[in-house]
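*Asks:* Sequence and predicted model, in that order:
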Amino acid sequence: MSGHSKWNNIRRKKEKTDNQKAKIFTKIGRELSVAVKEGGADPNVNSKLRDCIAKAKSSNVPNDNIERIIKKAASSSDSNNFEDVSYEGYGPCGVAIIVEALTDNRNRTAGNLRHYFSKYGGNLGSTGCVSFMFEQKGVIVLEAGENNISSMEDDAIEAGAVDFYSEDDCFIVYTEKEEYESVYKYLNQKGYSFISSEIGMVPNTYTSLNEEESSKVNVLLDILDEDEDVKNVWHNLK
């Protein structure tokens, strides 16, 4: 896989956290709540919750907040009902985009996304219009820190990863969807620190643009990220 975009997505989000902590905490709170309702409040048996907790910690959500959200979601007093919905379309210059949303109002979310795509040079399409360009894979981002990259590569291979690379003191590991859980457990047992870990939509091919064109695409990506209903944005911009 060349032209990886996963770490660029994470880095762009992290750069905005100082000004948007409240919005980020709200999004992650929804994800935690849904994960608890779907699989229970024990992360040892609920892998989706475990991944959400890792994501929350990587975004600097305080442990007290995480525990409070999980406890509320596990109680009968939590009446929030959110559902996962995916949208597909093209951004400026033909960049393929998949938006994963967590919403309690499909009409609101679809209307907002259609507006964003139209206003910023894209086009929200029908289901399947770009997803054929992507493949579901496990995407694990580790802190490289003081670790020897060669040793991390050896561990990734031993764990069963299909690809990996290092960038900006991070080590990114890709797995087959079916092998994600076992690779995660292996690397966790090795004591690595996780920045993020999830099943993601990884593009089969990437679109290369010049700086001006990429800037137009990034404006749309940033607007999508800022919407409270949006959970993840996947794209094939190199």
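*Replies:* Everything's here; your move. Residues are numbered from 1 along each chain as shown.

*Asks:* Mind listing what's buried along the helix ranked longest in the chain?
*Replies:* Taking DSSP state H as the criterion, the chain has its longest helix at helix 17-39. Neighbour counts using 16 or more other Cβ atoms under 10 Å place 24-25, 27-37 of helix 17-39 among the buried residues. Heads up, the C-betas are built off the backbone N, CA and C, glycines and all.

*Asks:* Output the below-cut-off pLDDT ranges for this structure.
*Replies:* Across the chain, residues meeting the criterion (pLDDT under 70) sit at 1-20, 76-79.

*Asks:* what are the C-alpha coordinates of the longest helix of the chain, in CSV please?
*Replies:* C-alpha atoms of helix 17-39 as CSV (Å, rounded to 0.1, in the frame of the first residue of the first chain):
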residue,chain,number,x,y,z
THR,A,17,-8.2,19.1,19.6
ASP,A,18,-7.1,22.2,21.6
ASN,A,19,-9.9,24.2,20.0
GLN,A,20,-12.5,21.4,19.6
LYS,A,21,-12.2,19.2,22.6
ALA,A,22,-15.9,19.5,23.5
LYS,A,23,-17.0,18.4,20.1
ILE,A,24,-14.5,15.5,20.0
PHE,A,25,-15.6,14.3,23.4
THR,A,26,-19.2,14.4,22.4
LYS,A,27,-18.5,12.2,19.3
ILE,A,28,-16.5,9.7,21.2
GLY,A,29,-19.1,9.6,24.0
ARG,A,30,-21.7,8.6,21.4
GLU,A,31,-19.4,5.8,20.1
LEU,A,32,-18.8,4.5,23.7
SER,A,33,-22.5,4.6,24.4
VAL,A,34,-23.4,2.6,21.3
ALA,A,35,-20.6,0.1,21.9
VAL,A,36,-21.9,-0.6,25.4
LYS,A,37,-25.5,-1.0,24.3
GLU,A,38,-24.4,-3.4,21.5
GLY,A,39,-22.0,-5.6,23.5
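
*Asks:* Can I get the very next helix or strand once past it as PDB, trimmed to CA atoms?
*Replies:* Per DSSP states H and E, helix 17-39 leads on to helix 47-58 as the next helix or strand towards the C-terminus. The C-alpha atoms that make up helix 47-58 are tabulated as PDB, following Å, rounded to 0.1, in the frame of the first residue of the first chain:
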ATOM      1  CA  SER A  47     -13.900  -5.600  21.400                       C
ATOM      2  CA  LYS A  48     -15.800  -2.700  20.000                       C
ATOM      3  CA  LEU A  49     -15.900  -1.000  23.400                       C
ATOM      4  CA  ARG A  50     -12.200  -1.800  23.900                       C
ATOM      5  CA  ASP A  51     -11.400   0.000  20.600                       C
ATOM      6  CA  CYS A  52     -13.600   3.000  21.500                       C
ATOM      7  CA  ILE A  53     -11.800   3.300  24.900                       C
ATOM      8  CA  ALA A  54      -8.400   3.200  23.100                       C
ATOM      9  CA  LYS A  55      -9.700   5.900  20.700                       C
ATOM     10  CA  ALA A  56     -11.000   8.000  23.600                       C
ATOM     11  CA  LYS A  57      -7.700   7.800  25.500                       C
ATOM     12  CA  SER A  58      -5.700   8.700  22.300                       C
END
